[in-house]
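Enquirer: Build the 3D model from these lines:
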Amino acid sequence: MKRKSIVSAVALLTGTASGLFAQSAPAAATATSGVKYIAAAIAVGVACLAGGIAVGRIGAAAMGAMSENAELSGKALPFVGLAEGICLWGFLVALLIILL
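Expert: Residues are numbered from 1 along each chain as shown. All right, here's what the predicted structure looks like:
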């Protein structure tokens, strides 16, 4: 249910993006720069959503493992860091989209 609503929200936002460009400016410059910012926002948004889901699942599994064996806390921490890195990669992709 949640996945279906997220997909429909993204489809709705991308479908209504053409209404943002209804200004009287040079068509090529406005459309290109506007699409660039929308693409960067989608890159960051999707990466942060995926990173949040991953951190939630990994964190829950790590807490369960640490409740059984407290020595596993040091082994679970790098996996949470890897999941958070997904958000950073989305931010870097957005910067590359905007700057190039």
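
Enquirer: Do a quick rundown of the helices in the protein.
Expert: With DSSP state H, the ranges of helices along the chain come out as 2-15, 27-68, 73-99.

Enquirer: Columns mean pLDDT on top of the ones you listed, output as CSV?
Expert: Below are the helices of the chain laid out as CSV (pLDDT from 0 to 100):
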stretch, mean pLDDT
helix 2-15, 64
helix 27-68, 88
helix 73-99, 90
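
Enquirer: Mean neighbour count added to the ones you listed, as JSON lines?
Expert: C-betas here are computed from N, CA, C, even on glycine. Shown next, in JSON lines, are those (neighbours: other CB atoms under 10 Å):
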{"stretch": "helix 2-15", "mean neighbour count": "10"}
{"stretch": "helix 27-68", "mean neighbour count": "14"}
{"stretch": "helix 73-99", "mean neighbour count": "14"}
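
Enquirer: So the residue at minimal distance from the centre of the chain versus residue 83, what's the distance?
Expert: Nearest residue to the geometric centre of the chain (CA atoms, centre = their mean): residue 47, 2.2 Å. Residue 47 sits 11 Å away from residue 83, going by CB to CB, to the nearest Å.

Enquirer: Ok, residue 71 next?
Expert: Residue 71 is 21 Å from residue 83, by CB to CB.

Enquirer: I figured residue 94 was touching residue 44, is that so?
Expert: Yes. The criterion here is CB atoms under 8 Å, and residue 94 meets it with residue 44 at 4.8 Å.

Enquirer: and the nearest residue to residue 93 once chain neighbours are set aside, what does it touch?
Expert: Spatial nearest neighbour of residue 93, chain neighbours left out: residue 43 (4.7 Å); criterion: CB to CB, 6 or more residues apart in numbering. Neighbour list for residue 43: 90, 93-94, 97 [criterion: CB atoms under 8 Å, 6 or more residues apart in numbering].

Enquirer: And residue 77, by the same measure?
Expert: Here residue 77 is in contact with residue 62 (CB under 8 Å, 6+ apart).

Enquirer: try it again with 10 Å
Expert: Shown in contact with residue 77 (CB atoms under 10 Å, 6 or more residues apart in numbering): 58, 62.

Enquirer: same thing with residue 90?
Expert: Counted by CB under 10 Å, 6+ apart, residue 90 has contacts 40, 42-51.
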